[in-house]
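Student: just coords:
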């Protein structure tokens, strides 16, 4: 399973460069640390509204698409548990969707009504994930000893059943590694609620990528060693690959189920955090007038001290996106692809603009990359985004069947040199809505991010007083931020 391990290591390299590029900007004390805010600072004034608008829409869409991942992963694992204990039971697509909805609603309730507990939830998530990582690895290795898979299977065997050439198949496999590290910039969207943000924010970001890279590599290696070495049986197992590997390692259904609780609860923690971030990002963009009905989604709830309307929007869209589960088996790959691609593009836009302007647009800050290192980090990140943006839009396997694509896509595949999957449809919808919004409202009312209301949420949380978020834009954001 060389492809998985090598892919995990390979994808961590450009993400590390991305992180270095990002926390260099995150350490700027005067920036509000959202992608479209950075774009507003470094873009020529004439193009600030349009460039910020495009970046904001891509970033918001990416986070909303990523919010679906928690429910999708949880519904798959829970479905696997049912298949393990009741192999005769057939779980229908609508039942999987109900599990997905329940998981999403749990995350919504915790975000909406336990906002003050979120710092403790995040600490608990870190302890649970690191502790669970250690417990699962040690238990699986101990229970499966000495019947480990061979090192040849783990480090050299390459299995390609996609229909693509080996090189393309390996590059497509980077999606899973990229998904595991995507969203490392969540701290940037919560930065206004972090003390000493210009110093602590970059630390949190680099810790996330480093911890994720190291633990992910070790965990993947352990799973492969205890898997039993029969890749075909694992892939085709009804409970799913992860649960089947844990069952192979422990030889106990109860033991496998207990070990699965660690990643399952981690997914819940992740869903809570992603929903928090996506709602804050939606609120911020609406506050700047970038969304339809911005006045509605830019309100901070006076008692709960958070943008409840934006949170409701994130949860509602997540549930609606989940309906695709009922009609298409390729929904998971498409949604994950669209979130990874959208966030990757949003990472690249401010970096690319800064590179085009000679990397001279940001002023003094707590952390500055040395000249040559800065150019290397920026260019590697941009190149990685260009390559993966194209590759992650490919269908996961060839030939493309009617079951993995809609009838319209399948019948119209001949018009394209390469048949793409639902990810393209998702991007088309985003492009249509954002373009429509720009011509109807954005070009008249959106001037870019505001710099005078960065602490609205934090102040509301501290005072629990009504906080009306005015959406009047009186200045070009570049003037406010760069003073």
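Tutor: Good, I have the coordinates. Since the structure is predicted, the reported quantities are computational estimates derived from the model, not experimental observations. Numbers count the residues shown, from 1 in each chain.
Student: since we're on residue 67, how many residues are nearby?
Tutor: Using other C-beta atoms under 10 Å, residue 67 has 25 other residues around it. The C-beta positions use only the backbone N, C-alpha and C, and glycine is treated the same way.
Student: that one is in contact with residue 278, isn't it?
Tutor: Yes: applying C-beta atoms under 8 Å, one finds residue 67 in contact with residue 278, separated by 4.9 Å.
Student: now do the shared contacts for the two.
Tutor: Common neighbours of residue 67 and residue 278, using C-beta atoms under 8 Å, 6 or more residues apart in numbering, are residue 314.
Student: okay, helices next: where are they in the stretch 1-150 of the chain?
Tutor: 2-26, 35-42, 48-85, 93-113, 118-144 (DSSP state H, counting those that start in this stretch).
Student: any idea which residue of this protein is furthest from its center?
Tutor: residue 146 (37.4 Å; C-alpha atoms, centre = their mean).
Student: pLDDT at that one, what is it?
Tutor: What the model reports as pLDDT for residue 146 is 88.
Student: endpoints of stretch 168-179, how far apart?
Tutor: For stretch 168-179, the first-to-last residue distance is 18 Å (C-alpha to C-alpha, to the nearest Å).
Student: any low-confidence regions in the stretch 351-483 of the chain?
Tutor: The stretch 351-483 of the chain contains residues with pLDDT under 70 at 362-367, 392-393, 395-427, 450-483.
Student: still on that earlier bit, if I look at the residue farthest from the centre of the chain, how far off is residue 226?
Tutor: Using C-beta to C-beta, to the nearest Å, residue 146 is found at 11 Å from residue 226.
Student: cool, residue 260 as well?
Tutor: Taking C-beta to C-beta, one finds residue 260 at 14 Å from residue 226.
Student: more neighbours: which of those two?
Tutor: residue 226 (25 against 22).
Student: who's in contact with the more buried one?
Tutor: Per C-beta under 8 Å, 6+ apart, neighbours of residue 226: 140-141, 143-144, 148-149, 245, 248-249.
Student: what about it, distance to residue 135?
Tutor: From residue 226 to residue 135 the distance is 14 Å (C-beta to C-beta).
Student: same thing with residue 90?
Tutor: Residue 90 is 33 Å from residue 135, by C-beta to C-beta.
Student: for those two, indicate the residue with more neighbours.
Tutor: A side-by-side neighbour count of residue 90 and residue 135, using other C-beta under 10 Å, places residue 135 first with 13 against 9.
Student: kindly calculate the angle that the host helix or strand of residue 256 makes with helix 118-144.
Tutor: Per DSSP states H and E: residue 256 is located in helix 253-287. Comparing the axes of helix 253-287 and helix 118-144 via axes from the mean of the first three to the mean of the last three C-alpha atoms, to 10 degrees yields an angle of 150 degrees.
Student: how far does helix 253-287 sit from the chain's center?
Tutor: Put simply, helix 253-287 sits 11 Å off its chain's centre (C-alpha atoms, centre = their mean, to the nearest Å).
Student: so which elements touch the helix or strand that that helix is followed by?
Tutor: Sequence-wise, the next helix or strand downstream of helix 253-287 (DSSP H and E) is helix 294-297. Under the contact definition 3 or more C-beta pairs under 8 Å, 6 or more residues apart in numbering; DSSP states H and E, helix 294-297 sits against helix 253-287, helix 308-321.
Student: what average pLDDT does the last one get?
Tutor: This means helix 308-321. Across helix 308-321, pLDDT averages out at 92.
Student: low-confidence bits of the stretch 101-250 of the chain, can you list those?
Tutor: Scanning the stretch 101-250 of the chain for pLDDT under 70 picks out 175, 183-201.
Student: all the strands of it, in order from the start?
Tutor: Assigned strands in the stretch 101-250 of the chain: none (criterion: DSSP state E, counting those that start in this stretch).
Student: buried residues, stretch 247-260. List them.
Tutor: Neighbour-count burial for stretch 247-260, counted by 16 or more other C-beta atoms under 10 Å, picks out 247-250, 255-257, 259-260.
Student: ok, so of these, who is nearest residue 52?
Tutor: Nearest to residue 52 out of these is residue 260 (C-beta to C-beta; 43.1 Å).
Student: on the pLDDT front, check the closest one for me.
Tutor: Looking at residue 260, its pLDDT stands at 94.
Student: can you tell me how far it sits from residue 73?
Tutor: Between residue 260 and residue 73 the computed distance is 12 Å (C-beta to C-beta).
Student: what do you get for residue 378?
Tutor: 32 Å.
Student: quick one on the thing from earlier: closest to residue 447 out of the helices and strands packed on helix 294-297?
Tutor: Of all the helices and strands packed on helix 294-297, helix 253-287 sits nearest to residue 447, with 12.7 Å by C-beta to C-beta.
Student: which strands and helices sit next to the closest one?
Tutor: Under the contact definition 3+ C-beta pairs under 8 Å, 6+ apart, helix 253-287 sits against helix 48-85, helix 93-113, helix 118-144, helix 186-189, helix 241-250, helix 294-297, helix 308-321, helix 456-463.
Student: redo that, cut-off 6 Å
Tutor: Identification of packing neighbours for helix 253-287 by 3 or more C-beta pairs under 6 Å, 6 or more residues apart in numbering; DSSP states H and E yields helix 48-85, helix 93-113, helix 118-144, helix 186-189, helix 241-250, helix 308-321.
Student: just the buried positions in it, please.
Tutor: Result for helix 253-287 [16+ other C-beta under 10 Å]: buried residues 255-257, 259-260, 262-287.
Student: and if you look at stretch 292-302?
Tutor: Under the neighbour-count criterion of 16+ other C-beta under 10 Å, stretch 292-302 has 294, 297-301 buried.
Student: before we move on, what about stretch 217-228?
Tutor: 217, 219-228.
Student: which residue, other than its chain neighbours, is closest to residue 121?
Tutor: residue 272 (6.2 Å; C-beta to C-beta, 6 or more residues apart in numbering).
Student: with residue 57 instead?
Tutor: residue 434 (4.1 Å).
Student: helix or strand right after the one helix or strand that neighbour maps to?
Tutor: Here residue 434 sits within helix 422-437, counting by DSSP H and E. Going down the chain from helix 422-437, the next helix or strand is helix 443-445, by DSSP H and E.
Student: what does that following helix rub up against?
Tutor: Among residues not part of helix 443-445, those counted as contacts by C-beta atoms under 6 Å, 6 or more residues apart in numbering are residue 289.
Student: now do that helix: distance to the chain's middle.
Tutor: For helix 443-445, the distance to the chain centre is 30 Å (C-alpha atoms, centre = their mean).
Student: for the contacts of residue 226, which single residue is the most surrounded?
Tutor: The residue in the contacts of residue 226 with the most neighbours, by other C-beta under 10 Å, is residue 249 (27 neighbours).
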